Structures are given as structure tokens and as C-alpha cells.
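**Student:** Below: sequence and its predicted model.
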Amino acid sequence: MPIHPTALVDTGARIAETAEIGPYCVIGPEVEIGARTRLMANLYVEGPTWIGEDNLFYPYSTVGVASQDLKYKGERAETRIGHRNRIREFVTVHRGTQGGGLLTSIGDDNLLMAYVHVAHDVKIGSHCILGNAVTLAGHVTIEDWADVSAFSGVHQFCRIGAHSFVGGYSVLTQDILPYSLNVSPRETKVFGANRIGLERRGYPPGTIDQIHKLFRILTKTGLNTSQALERIREEIPSTPEVEQVIAFIQSSPRGFVK
């Protein structure tokens, strides 16, 4: 079988004769890889993991590694990946846990684009497309032919129904109905000063209060930007922080989030 001389393959792994293991891959014990599946380079696979036939794994992915769930105590759990999947760069697939049936599974004919995260006990059906950097929390279920667009996050235990579409940058905290077209609101809002962050960086309480008041004038008074800046000048003493915000607003070609 074509195994590159720089690859490390445990003697307990079972690799089909027509599978291909590329440079610098690390394959642990109890890993089974089916016919014509290709690991291009720099992949790390831990067992127990079963990978079917005709899959293509692009470089730098990890498959079958331990869950990030703090409840995971090392119990024996599996990862199963079907046939004809395309797994792009830097995808992470974590094995199951006791609380989720001890299995993370991916079906057939799926495309997982770069940086997708498949957490513990996720169940992905077949013919699904997960866009770049889609993040699936633990116990998520994605049914057949679902399409989740780039940079979307899915909360634990949510289900995404068959043939549904989720637009990019969505945050899903409830189930998505089969056959539905979805996108979560994309409006960003200011809720005041970043108090905790500023406190951690040593800003005094008086300065933080001034910044918070500045944001309240900008976002809560109903004034337009020019009127708000005029009131800020009248009511808030000039400090480097206040002047920095004002200068930022005045130099913003695209406007700023209120």
C-alpha cells in the first residue's frame, strides 16, 4: 500500500491496500481506513476510528481525538466516517462521550470545508455541506442534504433538518426545520463599555464610567452622530480615551455600529 516513509502508522491500525497515507501522517492503533481513501499529508488520526472508502482528507486535520467536554474521562468512544467524503484543511473531528452514546459519526458524500469543527457525539448524515469554519457543538444532529454556510455556530443538542439551508454567520440555538431557508439576524449592537476588559487592563473606574456615558449618548439618546458628538463634548471631560473614540468616529468611512 502507498504509505509515505515519513508517516507513522501504528501496527494496530488496519489500512486497505489501496488506501494512501501521505507525508507526516500519524495513524494510531484501532484505526481502520477503507479502500482508495487518501490522507494527503500531516493528518493525525486516533482510534477507535473507522473510515470508509474513497474519502479524501486534505492536510492538517485531526480525527478521533479526545473531546473537549470536561465531563469526558477517557472512556472508550468511537468515530465513524462513511464513504466519499471530502474533508478539507484543519477540520477537527472529536470522538464521542459517555453522555452521547460514545459515537461521533459522519455519513457519506459530505463536504466539510476548511476549519469545520465537529464536536463530540455529533451525528452528520449524508450529502451535507458545511462551509468554512462552521462550528458544531456537542450532540448536534445534521440530517441528510442540509447545507450550513460559513462561520455559523450551532448550539449543543440542536438538530438541523433534512434539505434545510442556513445562511452564513448564523448562530443557531434552536432546531432548524427540514426543507427550510434560514439565517439568523446579523445586526450588531453596542451595549456599553467593555467594563470587564478595561478593568483587567487597569483602567480606573472614573475613566470606564466616562466611556460608558459616551456610548450611552451615542446609542440611547436618539441623536444623530453630529448631535451626539456635540453633547459628548459638552458633558464628558476630554481624556485620551474619549478623544480616541471621537477620532475613530470621525475617520470612519463605513459608519460604525450603534
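**Tutor:** In hand now; what should we look at?

**Student:** Sketch out the low-pLDDT regions of the stretch 51-200 of the chain for me.
**Tutor:** The model of the stretch 51-200 of the chain has pLDDT under 70 over residues 186-188.

**Student:** Return the distance of the top helix by length along the chain from the chain's centre.
**Tutor:** Criterion DSSP state H: the longest helix present in the chain is helix 205-220. Its chain's average C-alpha position is 33 Å from that of helix 205-220, according to Cα atoms, centre = their mean, to the nearest Å.

**Student:** same check, this time on stretch 109-122
**Tutor:** Here stretch 109-122 is found 9 Å from its chain centre; the criterion is Cα atoms, centre = their mean.

**Student:** how far does it stretch from start to finish?
**Tutor:** End-to-end distance for stretch 109-122: 17 Å, by Cα to Cα, to the nearest Å.

**Student:** how about it: buried residues?
**Tutor:** Within stretch 109-122, the residues that count as buried by 16 or more other Cβ atoms under 10 Å are 109-110, 112-122. Yep, even glycine has a C-beta here, placed from its N, CA and C like the rest.

**Student:** repeat for stretch 227-239
**Tutor:** Using 16+ other Cβ under 10 Å as the test for burial, stretch 227-239 gives 228-229, 232, 236.

**Student:** And for stretch 30-45?
**Tutor:** Buried residues in stretch 30-45, counted by 16+ other Cβ under 10 Å: 30-34, 36-45.

**Student:** re the thing from before, which helices and strands sit right next to the longest helix of the chain?
**Tutor:** Other helices and strands packing on helix 205-220, by 3 or more Cβ pairs under 8 Å, 6 or more residues apart in numbering; DSSP states H and E, are helix 195-200, helix 225-235, helix 240-250.

**Student:** from the buried residues of stretch 227-239, which single one is nearest Thr207?
**Tutor:** Of all those, Thr207 sits closest to Ile236, with 10.7 Å by Cβ to Cβ.

**Student:** The closest one touches Thr207, doesn't it?
**Tutor:** No - with contact defined as Cβ atoms under 8 Å, Ile236 does not count as touching Thr207 (10.7 Å).

**Student:** tell me the centre residue of the chain?
**Tutor:** Centroid-nearest residue in the chain: Thr135, 2.6 Å away (criterion: Cα atoms, centre = their mean).

**Student:** what's near enough to touch that residue?
**Tutor:** Shown in contact with Thr135 (Cβ atoms under 8 Å, 6 or more residues apart in numbering): 116-117, 152-154.

**Student:** what separates Ala137 from Gly100, distance-wise?
**Tutor:** If you measure Ala137 against Gly100 using Cβ to Cβ, to the nearest Å, the figure is 11 Å.

**Student:** let me fix that: Val148
**Tutor:** Distance of Val148 to Gly100, computed by Cβ to Cβ: 20 Å.

**Student:** Show me which of these two is the more surrounded one.
**Tutor:** More crowded of Val148 and Gly100, by other Cβ atoms under 10 Å: Val148, with 29 against 21.
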